Structure formats: structure tokens, C-alpha cells
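Peer 1: prediction below, plus the sequence it came from.
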Amino acid sequence: MYGFEAMTFNIHGGYLEAIVRGHRAGLFTAADYNNLCQCETLDDIKMHLSATEYGPYLQNEPSPLHTTTIVEKCTLKLVDEYKHMLCQATEPLSTFLEYITYGHMIDNVVLIVTGTLHERDVQELLEKCHPLGMFDSIATLAVAQNMRELYRLVLVDTPLAPYFSECITSEDLDDMNIEIMRNTLYKAYLEDFYKFCQKLGGATAEIMSDLLAFEADRRAVNITINSIGTELTRDDRRKLYSNFGLLYPYGHEELAVCEDIDQVRGAMEKYPPYQSIFSKLSYGESQMLDKAFYEEEVKRLCLAFEQQFHYGVFFAYMRLREQEIRNLMWISECVAQNQKSRVHDSVVFIF
Amino acid sequence: MEKFIDNLSPMDLMRSEKMSLVQLIIPVESAHRAVSYLGELGLLQFRDLNAEKSPFQRTFVNQVKRCGEMSRKLRFFKDQIIKAGLLSSIHPVVEPDVELEELEMQLAEHEHELIEMNSNSEKLRQTYNELLEFKMVLIKAGSFLVSNNNQAVAEEWELSENVYSSDRYVEASSLLEQQMRTADQSGLRFISGIIFQSKALRFERMLFRATRGNMLFNQAPAGEEIMDPLSAEMVKKTVFVVFFSGEQARTKILKICEAFGANCYPVPDDFSKQRQITREILSRLSELETTLDAGIRHQNKALTSIGYHLTQWMSMVRREKAVYDTLNMLNFDVTKKCLVGEGWCPVFAKAKVQEALQRATFDSNSQVGSIFHVMDAVESPPTYFRTNHFTNAYQEIVDAYGIARYQEANPAVYTVVTFPFLFAVMFGDWGHGICLLLGALVLIARESRLSTQKLGSFMEMLFGGRYVLLLMSLFSIYCGLIYNEFFSVPFHIFGGSAYKCRDATCSDAHSAGLIKFRDPYPFGVDPSWRGSRSELPFLNSLKMKMSILLGVAQMNLGIILSYFNARFFRSSLDIRYQFVPQMIFLNSLFGYLSLLIIIKWCIGSQADLYHVMIYMFLSPTDDLGENELFWGQRPLQIVLLLLALVAVPWMLFPKPFILKKLHSERFQGRNYGMLVSSEFDPDVEPDSAREHHEEFNFSEVFVHQMIHSIEFVLGAVSNTASYLRLWALSLAHSELSTVFYEKVLLLAWGYDNVVIRLTGLAVFAFATAFILLMMETLSAFLHALRLHWVEFQNKFYHGDGYKFKPFSFALITEDDD
């Protein structure tokens, strides 16, 4: 019932929307980042964070801090908030919230599988996993030798199972096909999420399709850039692009044949929203592309809060918080390694 | 009149304490001591002079950090003590304060010791757990092996031609080392172990999938619960034995075991061997148990000794942290040898503050004394009322609306009486009043005990308002006596009724009415009104008129207070163009109505007051006819009406125009003078904004005045009507209690059946307690609150001040707990 969701939205979604908007108000502002950037030691950062919402999570940490502790505790806060929201959510919001974590699940699967391939300790790998993407039998991933086993043993129980239909092969796992698996999974996930949001309809569909399309396009560009100079064929590359988004279908055709970064740029500059991103970069440069994309993403995520009565705010909040934790990690690393001049290289201001 | 007012003795609570902005210049060496003495005194509110600095750029950031670190350690101790379940048994001892550095060292030592103990006991616990698990596996799995091996062998023979060899195994060289029995390549082998019960099902499924069903899974719940080292909770575990064949399956199963956190233990097939190992394990278990016990005893002893000091240490660290936080608000002077602080302090406390500073200088053997002097303040000082147990709750009621502007008349003075009284007008029933009184008395009697306890939010609210409750109940009893209602039943307390029946049978009492045969009932409502046909009209008329009288009186009090305010702040403008017309307007309309009501009561006239009031506006010149109450009423009405009409423009126009004139006079010819402000004026502090000159904006002032006047004129009508809620609520209360009494209690009493009577009594008691005593109290409280906040306080109360928040150790609460 498009246009009427405002009438009934608050019955189930009102409380959580209020919660998430309250959480959003706790995101760092430019003033916070300025203060953080002035910190001399990690203890200073802790002190500054103790005045923010992260305070209770850090207050019981003994004093010689490490960057990992800070990031871990901040992530813990996000996870706690997420869990609280998930507990309170009813259908279809709970499914929507679960969808948000699937991306982390894919990353975790890939992390464990790659790690096992390189014979790392499973416990050590588990610690590195993002807590939002954990599932019960994740540790068992280490057992699998090839994709088919991976699917049959472990993933069939997880929500990722349907996404696996395209990459069940009996080939042994190696770095290349793990990466392909990641992208295939991601493609299937994004398409599924997109379809789900379309099904929800209303403002959610409108806003989420925009955000997801951006995500899909960004992945398409990244896949293209990363696969330049590898043995991935054009057709294979083409297959990894999600079947929606601004670039679909003609942009994908162009990206599929790109051979260097300037060709990518040429293909992308035909799309006005991406023109501004690429116009910030000088020719031949791809280092700053990530940051430019992040900045654009943050801008779009913030815009999601301008409208009421839709689920996009949850997605946007989770993404913004993750970006904030990434920023925090970068700042802490810079402070810890005495590289304060580089602080601003990778920090994406949210407000 | 003026003389009389000036000679009135000053009321403490009427005006907030006189404050002065003071500057302290304290030598660095005595600063810490001085600030902590001031904290003990608790009468100085420091201003943050470093507001633009972020917390870690301030001077004493390291000390604050150290305090934070110490309180972290203290929290750690507290957690440990709670975990060990020792908290209840510890009685804190008071010892002289130790130095901060010393305390820091002590804390570090204790923490180190505790952590070491914890890790030791954790190791022991782990070993113990492993042994315990091994024991269980041995017991359970051993029985499987005995009972199942024969079956398995039989099946094996049938299913395949593999030879099952059950008696070859490698001896377990170490008990805890995970060992697999090697068998023939083709033979059936097994892995035994233990796993969390919650994971057992998934584990089995995973094993099934991984081996493609070529395995046999046996499980049995472990007999005892095992402590999970991570969460320190007791968890249930399941012992399992997996039979399988093949080397690949073995690796897979081992990996799965690892992934699921299942601990595998080798179980020898040989029965005698099993027994031997079990014996060994049992002996080691008992050894470990004694060691563990000793460890726990030792740890508890350490924790208890910490626990003795914990509260004291915690409050000390909190104080230190507060002192350093305050020191961070101070500025260094140019020489870097002194700290400069600014703050608000009540005038009466100046001597005490100075004395504290001197004491600090003396105690820290400082060469230079502290300097304490008063500064001029541009901004308005904070509001500080010295309240006691009794007045505090009333002050809270007023503060909840808004903190009084500095030195403005404080409505709390009147609220002490008017609030409970207006409440009682709505809640008048002396039966209910006595119930409330008992509650209030219980709270007050247990005051000293309750004030030290942590109460729930509801109880805390009740306890905080205990004196309000006390006065409310006393006034309720009083009003109840006037209404003559005791759980809605009238009593002949003050003599007999003035009315009697026409004849002895009293048959027409409800149709023809009673006759009056003697003097009126001396106090309150005559009990004979009860149940009569004219009961409601009589009570309604009484309560309605009473509400109007009370309302007009209270609103007049509000306007008079605005006069006192204007006098106090020497604003003759407000007296002449605000107070006087307001007084005239209100009293020429509603004051007159009150007068009519009183006259009507006195002379017992039948005049219709609605009619009088309405036609006073519609046709003031008409003859009043039978509604005339006194001679000269008509000309008086005309005069009053004209006065009211004049009062409206009077309060609207003159004030903004005069303000404008005053402003233009004051700044005439001073257009050049404003350049020199802070730079050339040596005694102006750079951060004190003395050069504030408000732009005079005539239209703004005029609109403001217009809103104010309209609000007052309309408010006079609507506020008077609003006071009728006194009548409405009191009517509702008495009707409700009548219903419960007559329709529940009396109805049930009519039956000659104990069960029905008891049920009726119970329902009546519950309805009285929950509906009449709790909900009605709440609603009457809220309405009284509204009458005070809106109808009374909007006449004079600005409420835009801010509260005096002194730096005081007594106010440092355990906010982080």
C-alpha cells in the first residue's frame, strides 16, 4: 500500500525507529573527530571516548590500550545495539535486520576458508571475524576441502545457502576461486536483498534500492579494478556484477571489457552520480577511489534519515556506525604509530 | 503601606540567597587541599574557565586519568567480591585517609595479586575440569563400549567383512594427551569425548554429514554439571562416542570436534585398564579439589581484606576525581604559580569559604596565602534556596516547573499551605484522609532508616514527598469534616442535625423534604443533606462557589506577588502599568463575582448570579429586578465594567512606549562611546561580556506586551473557570466513594451470607485502596499541581533561572555504580 505505510508503520516499527534515530544522534560529529585527531596517545582517545556512548564499554579496560581493544569494544557496542533491535523487531523488520548481517557472514566465511587454506589457527581466525556475521557452525568451515563440501557440510544450514547455487563446484579451494566465490555470493546476496526490499514496497523500497544500487555499482567497479591484469575472463567478470543498479546493463558491458583504470573511468563518467566521484581523482589514480566512494556512501546514508517510516534507517545506521568504527580504527592506528600527519587520509566525516 | 511592607521581616524562602561572583587565586602548592576543603564545605560553584579546551588538554588530565584507572581497579575488586559472594558479610571499617599515591600503589598490588590468584585458580580449575570430564567419559563411554562393542562386532560381521579388533590400542601415556587408538586400516575405530549438551544435536548432524553417514554416534548425558570457565556458570554436558572407519574420517571428525569445542579423551577398551585409569583420576581429582579449596579460601581472605576498605577507597577516589575535575576548571595565572578560579558563592558563606582557604594555606605550609575577592558579575547569578526536610519537597514541586529567576519571589512559600489545601478540597473525606495520614506517619517515623536505603523509583517519590503527604492528609481530614464524609458516610460529630421529619413516620422525607427546627449544624455540611433529593444541587452550589472564591483569592495572591517582585527589582513601570491594571481588571469582574457570592450567602437571597454577571456585560444599564442584591448595585456594575474596559489598554500600551522613550533618552548622544570596551578597561575580564548592550527592538517588545496582556485578559476568564476543577474533582471523589459504599458494601451486607459479605468487604477494601486512595490521590495531586503551575504562577513567576550547584563532596553520588 504505497503512500499509506505512514499510517500503520508505528504499530510495529515506531519504537525501533525512535531507538535507531536516538542511536544515530550518538554518532561522532566533526567536533568529536577534531578532538580525536588531536589526541597524543591511545589513553587520550580512551578519555575522549569515555565521554561518548562508547564510555561504558571502555571504562573497564586496563590502561595500556591497544587499537584492537578499542575497535573490539566499539564493535561490541554496535553488536549490542543490533541485538537489542533484533530482539524487539517483528516481521518483516527482523528479516530486514538479518539481511544486513549477511554481508558480514560472507566475509567471515571467506576469511575462515582462506585462513584454513593458509593453515592458520581456527581460533585465531574466529577472533578476527566480525561478530555480526557469526553463525553457529562457523568453526566447522575449516573441515571443508572444496566448494561442494563447504556447502553440503556447513552452509546449507545458514541463510547463505540459497546464494550458493551458482558456485557449487568440486574444484579444490584456492585463493582465486575463493575470491570468485565471495563475489558470487555477494552478488546473489545483494540481488536477494534488493528483491526483498522491493517486496516490502513503499519508502523502504525506494530508499533501499537507491542504497543497494550504489553498493552494487561500487562492487562492480571494485571487481573490475581488482581483476585487471588477472586471468579472469571477461565473461567471468561480467557474471560477477549484480543484475541491478545504475550501471546495469549497459555500464556492465563496458566495465567488462575494461583493461585499465582510465577505461573504467571513461565508462563511469557517463553516469552523472559517479562523475563527481571520479572527477575528484586525477588520471591513473585508484588509491583514493575507496575513500571517495565511502564519502559518497556516507552522504547517501545520511540522506536516508531525512525520510520517516521506512527501514532504510536501520541499514543506514549500521553502515554509518561501521564507518565510524573504521574511522576510529584509523585514527587509533595513526596515533599509536605516530603517523598523525596521515590521520586525515582515510577518515570519512559523517556529519 | 510602603513603610509597612519595608518593615516586614524578611522570609528566608521568599527570595533566593544573595550570591556573589568571587575570584580565588590559590598558590599551586595548596590548590589541591583548598579545593578539597571547599568540597567538604560545599558552598561554592566553580565556573569552567577552560570550557573551550577538550578534556585531555587540561592541566590535571593525568591525575584524572589515574583516578579513572583506580576506580577501574576498584570496580574490578567489587566484581570479584560479588562473584565470590562475599558482599553481604563485609562490614566496612573506617580508617584515616591514606595518601593517593599510597593508595594507588596498594591498589596496583592488590590487583596484581588478585589477577595472579585468578589465573592460578583458573589453571587449576581447567585441569580439574579436564579430569572431571575424563572421569565422566570413562564412566559413560566405558559402559557404551562394554554394551555396544558386542553389538557392533556383530553388526560389523554382518555388514562388511572387515575385521574388528577390539583389543589393540596404544596405552595412554599421559592422561590428558589426546590419543587415538590405532587399529587395522580396515578396522572400526572410535573417538570419545564430551561436548556441551546444547551443541550435541548439531554436532551429531555435522558428523553424519561429514562422514556421509558412515558412523555410529552414541551419547549419554554427563552425570554432573561442569563449570564453564568463561562464564563461571554450571553447564550440562554430554558424553559421546563416535565409531567410524578410515583415516580421512578421523581427521575430519577431529576437526569437527575442535570446531565444536568438544574435548576428546581416549578410553581404553580393556576393562582393567579403564579401572586403573579411573582410580588414578579419582585420586588426582581429590588432590586437586583440596588445592582448589585452599586457593579459594586464600582468595576469599584477600578479597575480604579488600572488602573492608572498598567503600572507603571508592568514596576517596571519587572525591579525588571530583577535586581534579574541579582543578581542571581553574586557570593558571601569568606567572604559572597560582591557579585562578571563579565561582558563585552565597554571601553568607563568604566567611566560611575564606576560612577554608586559610586553613588550606596553613595546613599545606604555603608561603603565600590565597586571595579571595568579589567580582562584578554581568550574567545573572544562580538561584539557591536553603531548604530543610520539610520545605524541600515543596521547593521541588516549584522547581519542576522552572527554577526561579535570581531573587524573584518564590511561590514555594505559599505552596507549602495552598498545595495541600487545594488537594484536600478535591480529596475531602476524613476517612480517606486518616488512611493517608497513617501512610505519611509511617514514612516519617521510619525517615532515618529509609533515607539511607536505596528505594525503588516509586517508593523514592513517595518518600521524598512524605511531608507533602502529611499536610495533604491533615487538610483532607479537615475538608472531610467540612464535607462531613467518612468513606462517604456522614456522622453527627458536632451535635444533631438542624432538620427533622414532618411527622414521626418520616414517610415523606424524600418527597416533601424536612423542616428546620433549630440552629444550623455548627461545623460543615449538615448530615441530613445526605441522601436527600436536593443533596446534589446543594453540594454543587456550595462547592462551585467555594472554588471560585478560592481561585480568585489565589490569583489575587499571584498578582500581589508580582507587585512584590516589581518593588524588589525597583521597577515602578511594572507596578503602574502592569500590576495596577491587572488588579483592577481581575477584581472588577471576578472580585465582584466573589463579592456577590459572599453577599448572597450572608443574606440568603434567591438572586441568579449567572444572570447578573451575563447582563452586566450585555446590558449594564438595565434594571436588575429581583436579582438586585444590594442598593446601588447597578451603578457599581457600570463603574466596574468601565474600569475593566479601561484596564485593558492600560496594561497594553503605555509600557512599551515608555520603555522606548527611556531607551532613546539613555542612549541619546552616546553613539560614539561604545568603541572602548574591553581593550582599554583594565579591570574587565576578557571573558566576562560586559559590553553587552541589548538592541532595543520596539516591535518585539510591543508584541511581547500584547501577548502578555491578551494572555492575562483571556486568562482571567479561563483561569477562573479552571478553578472549577476543584468542584468537579471533589464531586467525582464523593460520588465514587458513595457508589463503592452503597452499591458494594451495603449491597453485600444485605445478604445473610458470610461469603457474599466477605467478598463485598474485600471488593470495597480494594476499591478504596486502589481507586480512591491511590488513583484519586494521584489525580487530585496532578490537578493541584496544575492549578499552582499554571493558574497561580503565571501571574508572577518567570522561572528562567538556573540552580546553584555547589562543588560538594556530599553531592557526589555513586553515579557510576
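Peer 2: Here it is on my side, so go on.

Peer 1: residues in contact with the residue in the stretch 251-400 of chain B that chain A sits nearest to?
Peer 2: Of all residues in the stretch 251-400 of chain B, residue B:259 sits closest to chain A, with a separation of 3.5 Å (Cβ to the nearest Cβ). For every residue, glycine as well, the C-beta is placed using N, CA and C. Shown here is residue B:259, whose contacts under the criterion Cβ atoms under 8 Å, 6 or more residues apart in numbering or on different chains are A:122, A:137, A:139-143.

Peer 1: domain-wise, how is the chain divided?
Peer 2: Went with chain A since none was named. Taking the TED database as the criterion, chain A consists of the domains A:5-16+A:80-322, A:17-79+A:323-350.

Peer 1: to clarify, I was referring to chain B.
Peer 2: Residue ranges of the domains in chain B are recorded as B:21-109+B:297-374, B:122-147+B:187-293, B:539-669+B:697-724, according to the TED database.

Peer 1: nearest residue to residue B:129 in space, please, no chain neighbours.
Peer 2: Taking Cβ to Cβ, 6 or more residues apart in numbering or on different chains as the measure, residue B:129 lies nearest to residue B:226, with 5.8 Å between them; neighbours along the chain are not counted.

Peer 1: one step back: so which of the contacts of residue B:259 comes closest to chain B?
Peer 2: Taking Cβ to the nearest Cβ as the measure, residue A:139 is the one of these closest to chain B, at 3.5 Å.

Peer 1: now the closest one: how far from residue B:442?
Peer 2: Residue A:139 is 60 Å from residue B:442, where distance means Cβ to Cβ, to the nearest Å.

Peer 1: out of those two, which sits in the busier spot?
Peer 2: For residue A:139 against residue B:442, the residue with the higher neighbour count under other Cβ atoms under 10 Å in any protein chain shown is residue A:139, and the figures read 21 against 12.

Peer 1: now do the same for that one: helix, strand or coil?
Peer 2: When the structure is split into helix, strand and coil by DSSP: H, G, I helix; E, B strand; the rest coil, residue A:139 lands in helix.

Peer 1: show me the contacts for it.
Peer 2: The neighbours of residue A:139, taking Cβ under 8 Å, 6+ apart as the test, are A:112, A:122, A:126, B:258-261.

Peer 1: could I get these as TSV with pLDDT?
Peer 2: Compiled in TSV, those are given as follows (pLDDT from 0 to 100):
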residue	pLDDT
A:112	85
A:122	78
A:126	85
B:258	80
B:259	78
B:260	79
B:261	78
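
Peer 1: turn those residues into CSV, including secondary structure and distance to residue B:656.
Peer 2: Putting these into CSV (DSSP: H, G, I helix; E, B strand; the rest coil; distance: Cβ to Cβ, whole Å) gives the following:
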residue, secondary structure, distance to residue B:656
A:112, helix, 76
A:122, helix, 80
A:126, helix, 74
B:258, helix, 85
B:259, helix, 82
B:260, coil, 82
B:261, coil, 80
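
Peer 1: which one of the residues you listed is nearest residue A:220?
Peer 2: residue A:112 (25.8 Å; Cβ to Cβ).

Peer 1: what about the nearest residue to the closest one once chain neighbours are set aside, distance to residue B:255?
Peer 2: The spatially closest residue to residue A:112, leaving aside those adjacent along the chain, is residue A:141, at 4.4 Å (Cβ to Cβ, 6+ apart). Computed with Cβ to Cβ, the distance linking residue A:141 and residue B:255 is 10 Å.

Peer 1: and residue A:20, by the same measure?
Peer 2: Distance, residue A:20 to residue B:255, using Cβ to Cβ: 40 Å.

Peer 1: neighbour count for these two, which is higher?
Peer 2: residue A:20 (21 against 18).

Peer 1: for the helix or strand containing the more buried one, C-alpha coordinates in PDB please.
Peer 2: Assigned by DSSP states H and E, residue A:20 belongs to helix A:14-25. The C-alpha coordinates for helix A:14-25 follow below in PDB (Å, rounded to 0.1, in the frame of the first residue of the first chain):
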ATOM      1  CA  GLY A  14       7.800   3.100  15.600                       C
ATOM      2  CA  TYR A  15       9.700   2.100  18.700                       C
ATOM      3  CA  LEU A  16      12.600   0.800  16.900                       C
ATOM      4  CA  GLU A  17      12.700   3.700  14.500                       C
ATOM      5  CA  ALA A  18      12.900   6.000  17.500                       C
ATOM      6  CA  ILE A  19      15.600   3.900  19.000                       C
ATOM      7  CA  VAL A  20      17.700   3.900  15.900                       C
ATOM      8  CA  ARG A  21      17.300   7.600  15.400                       C
ATOM      9  CA  GLY A  22      18.400   8.000  19.000                       C
ATOM     10  CA  HIS A  23      21.500   5.900  18.300                       C
ATOM     11  CA  ARG A  24      22.200   8.000  15.300                       C
ATOM     12  CA  ALA A  25      22.300  11.100  17.400                       C
END
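
Peer 1: please consider this matter closed, and thank you.
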